[in-house]
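*Asks:* From the sequence below, what's the structure:
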Amino acid sequence: MNVARLVAVDAAQAARVLSELREATLAGQRGRIAPRPVIEQSWGRMLRRGVDPDHDFRSSPLPADEVRRRRDESPLRHIMPVLRQGLLSVADVAQHIMVVADGEGRVLWREGSAPVLRKADGLGFELGADWREDVVGTNGVGTPAVVRRPVQVFAAEHFVRSHASWTCTGAPITDPRDGRLIGVVDVSGPLETMHPATLAWVDSVAKLAEARLRELHLASLERLRAVAAPVLARLDGRALVVDRDGWTATVTGMPYLRRLALPKSLTPGRRWLPALGTCAVEPLAGGWLLRVADEPLPTGATRILLDLSRPGHTSVTVARATGTWSRELSPRHAELLYLLAEHRSGRGAAGLAEDLFGDPSRTVTVRAEMSRIRRYLGDLLQHRPYRFCEETEIEVLLPDNPRDLLPQSTAPAVARRRAQPGAD
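*Replies:* As a prediction, the model looks like this:
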């Protein structure tokens with residue numbers, strides 16, 4: 001069923017059809033129609049996590065001073081003019097509101113039609129509120145944050161019953177420097193006021209906001225380049241200047257690198273970096289000066305860097321005395337290598353199957369994937385149990401927010417790590 005078209009033709013009928021579908025699904029029955037895949041998958045997550053569809057439970061909103069602090073520290077503050085210009089004027093006239101939440105689902109800005117804002121207050125859709133999907137069910141803020149793409153949620157497609165009179169359209173906003181989710185922009189309002197083109201509209205404005213962030217990042221690199229130029233002019237040998245996220249501003253004595261994988265907490269001094277080897281690290285305004293020491297790895301020494309810091313762009317880098325190479329990882333291989341890095345003493349096929357699927361009997365799948373990984377890691381991986389070679393030095397780059405760790409992964413072990421303290 002084309003839900004958007006049905007809403008445009010007859011919003012009341014659409015609401016009834018979706019309500020019947022939702023009730024049938026919650027009762028474990030098959031409805032007359034199937035829910036849209038993105039909604040069906042979200043409802044499945046809610047049922048597995050025990051979200052109550054009949055009661056809206058949530059924590060208290062953040063206090064006003066905490067909301068202000070998050071606003072001041074969030075990169076979202078730089079794109080609010082773009083979001084307001086692209087969304088707010090139309091949203092206000094069309095009886096919608098614009099809501100901007102941070103990467104943790106907390107509402108930091110909320111503007112638009114005054115009557116709709118008052119209705120939103122009754123739903124707890126207020127400043128500082130927590131609208132993560134696993135807290136309030138399928139919605140236009142939390143669900144786009146999980147699936148990392150724009151989502152429109154019509155009426156009873158909301159998992160919690162009290163939200164069924166609303167339609168919400170949200171799009172994720174990612175940091176172009178590292179692919180990290182920094183927030184979600186949402187346009188919400190009564191079902192009868194929604195238009196089928198709202199999804200494309202919100203998505204387009206979110207992309208404009210991300211383009212603005214890219215412009216700001218390029219401008220910051222230009223400023224760093226101006227600071228770095230006289231410094232590098234006085235140096236001999238190989239050196240480069242990167243910003244705090246590893247993006248290169250300028251180099252000397254070596255080929256240009258677009259971006260360098262940096263440790264999560266880089267500090268001044270002599271440091272080993274997989275792509276360069278031993279470097280002298282010095283702070284520079286807005287970034288780092290890295291002077292390559294050109295010291296080869298000791299014979300037989302091997303270092304592995306597992307980079308999970310950028311959602312959707314995971315990689316493994318291997319450095320040996322004979323050279324260094326990198327490889328992009330599939331989601332499954334990223335999960336398995338992360339689990340082995342967590343269990344340096346080793347993990348059997350049944351244990352990995354339990355970690356990945358919650359089912360220790362699925363060893364055939366694990367063994368097949370491990371066989372594929374060993375094709376490129378070779379003797380660096382041992383088996384019985386599966387483990388990294390003892391002489392290998394392993395470093396794992398994790399996202400700043402634990403909730404961004406392999407966000408598409410449904411592996412129970414990864415989900416437990418995302419839920420540990422510090423992930424909220």
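*Asks:* give the contact list for S345.
*Replies:* By C-beta atoms under 8 Å, 6 or more residues apart in numbering, the residues touching S345 are R387. Where you see a C-beta, it was placed from the backbone N, CA and C, and this is true even at glycine.
*Asks:* does it count as helix, strand or coil?
*Replies:* Following DSSP: H, G, I helix; E, B strand; the rest coil, we place S345 in the coil state.
*Asks:* For the helix ranked longest in the chain, buried residues please.
*Replies:* Ordering each helix of the chain by length in residues (DSSP state H) puts helix 198-233 first. Neighbour counts over helix 198-233 (16 or more other C-beta atoms under 10 Å) mark 198-199, 201-203, 205-206, 209-210, 212-213, 217, 220-221, 224-225, 227-228, 232 as buried.
*Asks:* Equivalent analysis for stretch 399-409, please.
*Replies:* For stretch 399-409, the buried set under the neighbour-count rule, 16+ other C-beta under 10 Å, comprises P399, N401, R403, D404, L405, L406, P407, S409.
*Asks:* Stretch 237-253 now?
*Replies:* 238-243, 245-252.
*Asks:* From A164, how far off is G124?
*Replies:* Distance from G124 to A164, counting by C-beta to C-beta, to the nearest Å: 15 Å.
*Asks:* got it, and L127?
*Replies:* Where A164 is concerned, L127 sits at a distance of 23 Å (C-beta to C-beta).
*Asks:* Between the buried residues of stretch 237-253, which sits nearest L336?
*Replies:* Using C-beta to C-beta, G246 comes nearest to L336 of those, at 25.1 Å.
*Asks:* Quick check: closest non-adjacent residue to H217.
*Replies:* Spatial nearest neighbour of H217, excluding adjacent residues (C-beta to C-beta, 6 or more residues apart in numbering): R177 at 5.6 Å.
*Asks:* Now for that neighbour, which secondary structure element holds it?
*Replies:* Under the criterion DSSP states H and E, no helix or strand holds R177.
*Asks:* List the residues that contact it.
*Replies:* Shown in contact with R177 (C-beta under 8 Å, 6+ apart): H217, D245, W247.
*Asks:* The second one against G179, yeah?
*Replies:* The reference is to D245. No. Under the criterion of C-beta atoms under 8 Å, D245 makes no contact with G179, lying 10.7 Å away.
*Asks:* In this structure, what residue spans correspond to helices?
*Replies:* Secondary structure of the chain (DSSP H): helices located at 3-9, 11-26, 37-49, 64-73, 80-83, 89-93, 114-122, 133-136, 142-147, 198-233, 331-342, 349-357, 363-377, 412-418.
*Asks:* Mind putting these into CSV with mean pLDDT and distance to G105?
*Replies:* Below are the helices of the chain laid out as CSV (pLDDT from 0 to 100; distance: least, C-beta to C-beta, whole Å):
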stretch, mean pLDDT, distance to G105
helix 3-9, 62, 24
helix 11-26, 76, 22
helix 37-49, 89, 14
helix 64-73, 95, 12
helix 80-83, 96, 17
helix 89-93, 74, 20
helix 114-122, 90, 15
helix 133-136, 90, 7
helix 142-147, 94, 6
helix 198-233, 94, 16
helix 331-342, 94, 23
helix 349-357, 94, 26
helix 363-377, 92, 32
helix 412-418, 90, 13
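*Asks:* nearest to R259, of those?
*Replies:* Among these, helix 198-233 comes nearest to R259, with 10.9 Å by C-beta to C-beta.
*Asks:* Could you pull up the residues touching G170?
*Replies:* Per C-beta under 8 Å, 6+ apart, neighbours of G170: 139-141, 143-144, 150-151, 153, 184-187, 202.
*Asks:* what about 10 Å?
*Replies:* By C-beta atoms under 10 Å, 6 or more residues apart in numbering, the residues touching G170 are 99-101, 131, 139-145, 149-153, 183-188, 199, 202-203, 206.
*Asks:* Likewise for R367?
*Replies:* Per C-beta under 10 Å, 6+ apart, neighbours of R367: A349, L352, A353, H383, Y386.
*Asks:* quick one: the second one from A34, how far?
*Replies:* Using C-beta to C-beta, L352 is found at 34 Å from A34.
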